[in-house]
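Trainee: how does the following fold in three dimensions:
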Amino acid sequence: MRHILGVAGCLLVAVATLGGQSPLAPLGVTEGQGKDALFESLLLGAPRLPKLSAAFSAAPDGVRVAMVQAACSAARGYADSAEFQSRYADHREANGPGREPTAPTIDEVLVSQRKAFEEQVVQMKTQLTDLTPAQVKTLEEGWAEVRQRMSDMESGPRRAELEALIKQRRAQQMRMYEAAVKEHNERWPLNARALVAIRLKEFLDATADVNHNAGVTPRDGVRVFSDPALEAKPAVWKLLFRAGKPASDAARDCASQWLASLPAGPA
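Mentor: Residues are numbered from 1 along each chain as shown. Take a look at the predicted model:
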């Protein structure tokens, strides 16, 4: 459901789109509001869908169609602009999986381990100043044993075991990173136009069977579809139903033509 609502906002000006052209003036949508709504629609695929504006609802079919066509033209222009491309690239990078993980070498691990131990010894000697000679001797013997075990690890069989563990962890980190990269690229393709194509396809699929002759009935002060299956349809389907067939057809024609103009193939 998250992606199904993709471009309703940019195709039906009554929802949210770019203002400025004369057919859109009655809607009171500023250019900034329209750009933000379009960006959110394309990026997330699930914008908040407000009710049809009073100006759109009151307009005759011909004016509604003109509004949708003007909105479509403005939306296409913004989606193709350098401003949109840059904004998308910034968002994509900021929400990406980050840099490829790095893993320390076996030598780096061993050096870090010995350094941390010697720092701990120094700290203990600073804090434990009231020990008896016997207690100090016991501690020194314990530290010597630890140092010997470290030496054995640095040159003995344990080194190979530790190195194998480091490589195993590195491989696991890389698998997780590569999966995150794959998911990121599928959600937000490198090419912004590929994202637009995805949203347009989702919109067309979700609204392919809008039935403008469907019956509605009042319930608790609102009108709902008499057929429960239609009442369960996604919000964008209902939005096009409320917009009327001419405006709905104009929105779908816009989406179809826009989609056909975009390059096919992987992003």
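Trainee: and for the residue lying closest to His212 once chain neighbours are set aside, the neighbour number?
Mentor: Spatial nearest neighbour of His212, excluding adjacent residues (Cβ to Cβ, 6 or more residues apart in numbering): Lys245 at 4.4 Å. Backbone N, C-alpha and C define where each C-beta goes, glycine included. Lys245 has 14 neighbours, counted by other Cβ atoms under 10 Å.
Trainee: test my guess that Lys245 contacts Asn211.
Mentor: No: the pair Lys245 / Asn211 is not scored as a contact, 9.9 Å apart, by Cβ atoms under 8 Å.
Trainee: give me the distance from the helix or strand containing Trp237 to the chain's centre.
Mentor: Element membership of Trp237 [criterion: DSSP states H and E] is helix 235-243. Centroid separation for helix 235-243 versus its chain: 25 Å, with Cα atoms, centre = their mean, to the nearest Å.
Trainee: give me the next element, helix or strand, following it.
Mentor: helix 245-261.
Trainee: how big is the angle separating that following helix from helix 235-243?
Mentor: On the basis of axes from the mean of the first three to the mean of the last three Cα atoms, to 10 degrees, helix 245-261 is oriented at 130 degrees to helix 235-243.
Trainee: flag every buried residue along the lengthiest helix in the chain.
Mentor: The residue-count maximum for a helix in the chain (DSSP state H) belongs to helix 157-187. Going by neighbour count (16 or more other Cβ atoms under 10 Å), the buried part of helix 157-187 is Arg159, Leu162, Ile166, His184, Asn185.
Trainee: quick check: next helix or strand after that helix?
Mentor: Following helix 157-187 in sequence order, the next helix or strand is helix 192-206 (DSSP H and E).
Trainee: that following helix to helix 157-187, inter-axis angle?
Mentor: 60 degrees.
Trainee: next secondary structure after helix 192-206?
Mentor: Counting by DSSP H and E, the next helix or strand C-terminal to helix 192-206 is strand 216-219.
Trainee: run the chain-centre distance for stretch 120-132.
Mentor: Relative to where its chain is centred, stretch 120-132 has its mean C-alpha point 53 Å off (Cα atoms, centre = their mean).
Trainee: just stretch 59-79 next, same as before
Mentor: The answer for stretch 59-79 is 28 Å, by Cα atoms, centre = their mean.
Trainee: which parts of that stretch are buried?
Mentor: By 16+ other Cβ under 10 Å, the buried positions in stretch 59-79 come out as 59, 63-72, 74-76, 78-79.
Trainee: pLDDT on that stretch, on average?
Mentor: Average pLDDT, stretch 59-79: 88.
Trainee: give me phi/psi at Glu100?
Mentor: phi -60, psi 130 (degrees, to the nearest 10).
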